[in-house]
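> Next one to model:
(one chain, ligands or ions: 1)
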Amino acid sequence: MSDEVLGLDEAYSVKTPDDNRRLYAKWAATYESSFVDAKQYRYPKAIAEVFNDVVGPVRRVLDIGTGTGLTGMYVTRLRPAVLIDGMDISPEMLAQAKLKTREDGSVVYRELYVRDLTRAVPNENAPYEALISSGTFTHGHLGPECLRNLLPLLAHDGWLVVGVNNEHFEAKAFAGELDSLVALGAIESPEILRVDVYEPGSVHYGDQARVIITRAIN
Ligand SMILES: C[S@@+](CC[C@H](N)C(=O)[O-])C[C@H]1O[C@@H](n2cnc3c(N)ncnc32)[C@H](O)[C@@H]1O
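This next block holds a predicted model:
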């Protein structure tokens, strides 16, 4: 398969962490040109805007499924004072994220960790005051059960701002998992927003994602 044909069909057909490693190893170098720019993908920007609107003053933030670092780039444009780390299963995607710079020329990310977030996550720099995620809770990537792996990374009252693919949200019963976490006393009752994933003019315009907004009670 050539890089040129990689896109949503391939991203939505992965099933395992190894599938994800293989897909994003091939896609990392062209992910932004062939997908983000070509399809006018605005999801990282939209999630950063929601984060900026709802999250109070925080300093230590973790980007879940960092990819090439677009979410961190937009967050630091809106909140230049944040320290942001990233985690992703793909070293090739993180190599791209490492190149992202802030408006003052410094790097966006303090630390980048190769982590499989379907498993319990070692937490060198935890606790974080907020977790943010765009595009990673989707078909064959991270399911609702992964939220439990992430909660130990958060400080008490720490924020979660997590984008979830609309169909994945329904198919994998995210609402049920959120209800369970609320019943366990692990999170506050969440607010669920919707954002446009693509700009007007994109062939995919109209596709929306849910955004889970809640706080940890750990
Ligand atoms: C569609 S990209 C989104 C990247 C970025 N957040 C964005 O919005 O542009 C999905 C990312 O999820 C990562 N990913 C997939 N499975 C993962 C796993 N099990 N653990 C950690 N990251 C994973 C991929 O490597 C990829 O970088």
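
> sec struct for the residue in the chain that the ligand sits nearest to, please.
For the chain, the nearest residue to the ligand under the criterion Cβ to the nearest ligand atom is Gly67, separated by 2.3 Å. In this view, the C-beta of every residue, glycine as well, is placed from N, C-alpha and C. At Gly67, secondary structure determined by DSSP: H, G, I helix; E, B strand; the rest coil is coil.

> element containing the spatially closest residue to it that is not a sequence neighbour?
With Cβ to Cβ, 6 or more residues apart in numbering as the measure, Met93 is the residue that lies nearest to Gly67, at 4.9 Å, once sequence neighbours are left out. Assignment of secondary structure by DSSP states H and E places Met93 within helix 91-97.

> contact partners of that helix?
In this structure, residues lying in contact with helix 91-97 by Cβ atoms under 8 Å, 6 or more residues apart in numbering are 24-25, 27-29, 31-32, 66-69, 72, 86, 88, 108-109, 112-114.

> Would you tell me whether it gets close to the ligand?
Yes. With Cβ under 6 Å from any ligand atom as the criterion, the ligand is reached by helix 91-97 at Met93.

> Now do the helix or strand that comes right after that helix: everything it contacts.
Stepping forward along the backbone from helix 91-97, the first helix or strand reached (DSSP H and E) is strand 109-114. Contacts made with strand 109-114 from outside it, assessed by Cβ under 8 Å, 6+ apart, are listed as 63, 66, 69, 72, 83-91, 94, 97-98, 100, 124-125.
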